[in-house]
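Undergrad: sequence plus predicted model, see below.
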Amino acid sequence: MPGGRLTQQERRQIALGLADGLAYAEIARRLDRPTSTITREVMRNGGPTAYRADLAHRATEHRAHRRRRPAASRGPRVPPQAHGRDADAVREYEEVFTTVLMASGMPKMMARVMACLTLTDSGSLTASELVQRLQVSPASVSKAISFLDEQAFVRRERDERRRERYVVDDDVWYQSTMASARSIAQVVETARQGVGVLGSGTPAGARLENVARFLDFVSESTARAAEQAREVLHTKAETSGPTAPDAEATR
């Protein structure tokens, strides 16, 4: 499998593959590259619909030039890894995860903080730990946390030293999904108010009614699916964890 940076020719093949509707895994197979390499390349250069080979190549050269300028004393961004993990592989995956979050609509710094928290075994970090890991200012971390908190992507708690910690766990994703469903429900209510203002028999009123009906279905389905997933997955975790040792002990 070839290593090193993608060549300009490889980027052109990526662009052709995207134009043909090929999946990232198939493009990666044809180039004999890891799928994560193709995913990161596409997502950091405009996504599958806006990817341009020449622009991506120039952007990569520009980023490489910027990386050579800072002093090497800053050290690696990823801390020493537990469980025998490859630090370079973790760093590469964190970039992929961040770019996917950005593609879903999350701003860059918020996506970086969310990825950093999610890939931490403890699932929680303090502001100072985030600053150190991401090599950004405290103000940037504070702004990102405020955004994530508003969207219910993180929760705050105090540790034994009374430091505020920011936590990402399974329940946070449930709460975030429910917050999204509530946000959609607000759009539904507003659209229905618009029907009364514009008139149900008018084109604009009919359009708003269709918006309300569609999003009402999406909101209810999202909330119901989140509730069901939480109940099933939490129940499965509770029953599969402690019972195994107990069953073994009774034999």
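TA: Yes, it's here. The shown structure was predicted, so the numbers you read here are calculated from the model rather than taken from an experiment.
Undergrad: elements contacting the longest helix along the chain?
TA: Longest helix of the chain, by residue count under DSSP state H: helix 203-240. Here helix 203-240 touches helix 170-198, going by 3 or more Cβ pairs under 8 Å, 6 or more residues apart in numbering; DSSP states H and E. From N, CA and C alone the C-beta is placed, and that goes for glycine too.
Undergrad: any weak-confidence spans in the stretch 51-200 of the chain?
TA: 63-80 (pLDDT under 70).
Undergrad: all helices of it, in order?
TA: 53-68, 87-103, 108-118, 127-134, 138-150, 170-198 (DSSP state H, counting those that start in this stretch).
Undergrad: returning to what we had before: what angle sits between the longest helix of the chain and helix 170-198?
TA: Angle between the axes of helix 203-240 and helix 170-198 is 160 degrees (criterion: axes from the mean of the first three to the mean of the last three Cα atoms, to 10 degrees).
Undergrad: for helix 203-240, buried residues please.
TA: Neighbour-count burial for helix 203-240 flags 205, 208-209, 211-212, 215-216, 218-219, 222-223, 226, 230 (criterion: 16 or more other Cβ atoms under 10 Å).
Undergrad: for stretch 18-28, same thing?
TA: Leu18, Leu22, Tyr24, Ile27, Ala28.
Undergrad: the residues you listed into JSON lines, with extra columns for distance to Arg182?
TA: As requested, those are exported to JSON lines (distance: Cβ to Cβ, whole Å):
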{"residue": "Leu18", "distance to Arg182": "36"}
{"residue": "Leu22", "distance to Arg182": "38"}
{"residue": "Tyr24", "distance to Arg182": "33"}
{"residue": "Ile27", "distance to Arg182": "38"}
{"residue": "Ala28", "distance to Arg182": "39"}
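Undergrad: which residues touch Val211?
TA: For Val211, the contacting residues are Val187, Val188, Ala191, by Cβ atoms under 8 Å, 6 or more residues apart in numbering.
Undergrad: the first one contacts Val218, correct?
TA: Read that as Val187. No - contact criterion Cβ atoms under 8 Å: Val187 and Val218 do not qualify, at 9.8 Å.
Undergrad: let me see the contact set for the nearest residue to Glu26 once chain neighbours are set aside.
TA: Among residues not flanking Glu26 along the chain, Gly17 sits closest, at 7.0 Å (Cβ to Cβ, 6 or more residues apart in numbering). Taking Cβ under 8 Å, 6+ apart as the contact definition, Gly17 lies against Glu26, Ile27, Arg30.
Undergrad: got it, and Thr39?
TA: Residues counted as contacts of Thr39 (Cβ under 8 Å, 6+ apart) are Tyr24, Val96, Thr99, Val100.
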